[in-house]
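**Student:** next input, structure requested:
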Amino acid sequence: MKKLIAYCGLDCEKCDARKATLNNDDSLREKTAKLWTQLNGVEITAEMINCEGCRTDGIKTTFCNDLCPIRKCAVGKKHETCGSCDEMKICKTVSMVIANNDEAKNNLTVQVSSGKNN
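**Tutor:** Below you'll find the predicted structure:
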């Protein structure tokens, strides 16, 4: 599986936090922080927007590194992504993402159908 597919199936290559980090783009950090603040109902500052990818070595946002229940679960179970977990179809945790994001769901489903379970 592509290393920039997050545990939940989102594509980190498309993430504005990753783009802002790689390009040291403070304007994009501010835009992303404002959007994420609105979406999550908590204050997120531009300084918090630093991430190189959920499953890659390197810096991650505080949420991704320390708080994300999906990442915590997958790391704890030693799964490459949620797509390699037998409980994915009934999991309420990952359903927070894949119920509303067909691309993420497809990324995880492709992993299951290709037999890449580790």
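
**Student:** what stretches of this structure score poorly on pLDDT?
**Tutor:** Residues of the chain meeting the criterion pLDDT under 70: 1, 111-118.

**Student:** from the chain's centre, how far out does stretch 6-21 sit?
**Tutor:** 6 Å (CA atoms, centre = their mean, to the nearest Å).

**Student:** what's in contact with that stretch?
**Tutor:** 2, 4-5, 25-26, 28-29, 31-32, 35, 49-56, 59, 61, 68, 70-71, 73-75, 79, 81-83, 94, 97-98, 101, 103-108 (CB atoms under 8 Å, 6 or more residues apart in numbering). To be clear about C-beta, it is placed using only N, CA and C from the backbone, and glycine gets the same treatment.

**Student:** just the buried members of the residues you listed?
**Tutor:** Buried members of the contacts of stretch 6-21, counted by 16 or more other CB atoms under 10 Å: 4-5, 28-29, 32, 49-55, 61, 68, 70-71, 73-74, 79, 81-83, 94, 97-98, 104-105, 107-108.

**Student:** in helices, which of the residues you listed fall?
**Tutor:** 28-29, 32, 70-71, 73-74, 94, 97-98, 104-105, 107-108 (DSSP state H).

**Student:** and those residues as JSON lines, adding distance to D16?
**Tutor:** Shown next, in JSON lines, are those (distance: CB to CB, whole Å):
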{"residue": "L28", "distance to D16": "6"}
{"residue": "R29", "distance to D16": "8"}
{"residue": "T32", "distance to D16": "4"}
{"residue": "I70", "distance to D16": "19"}
{"residue": "R71", "distance to D16": "18"}
{"residue": "C73", "distance to D16": "25"}
{"residue": "A74", "distance to D16": "22"}
{"residue": "V94", "distance to D16": "22"}
{"residue": "V97", "distance to D16": "16"}
{"residue": "I98", "distance to D16": "20"}
{"residue": "A104", "distance to D16": "16"}
{"residue": "K105", "distance to D16": "21"}
{"residue": "N107", "distance to D16": "18"}
{"residue": "L108", "distance to D16": "21"}
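
**Student:** many thanks, we can stop here.
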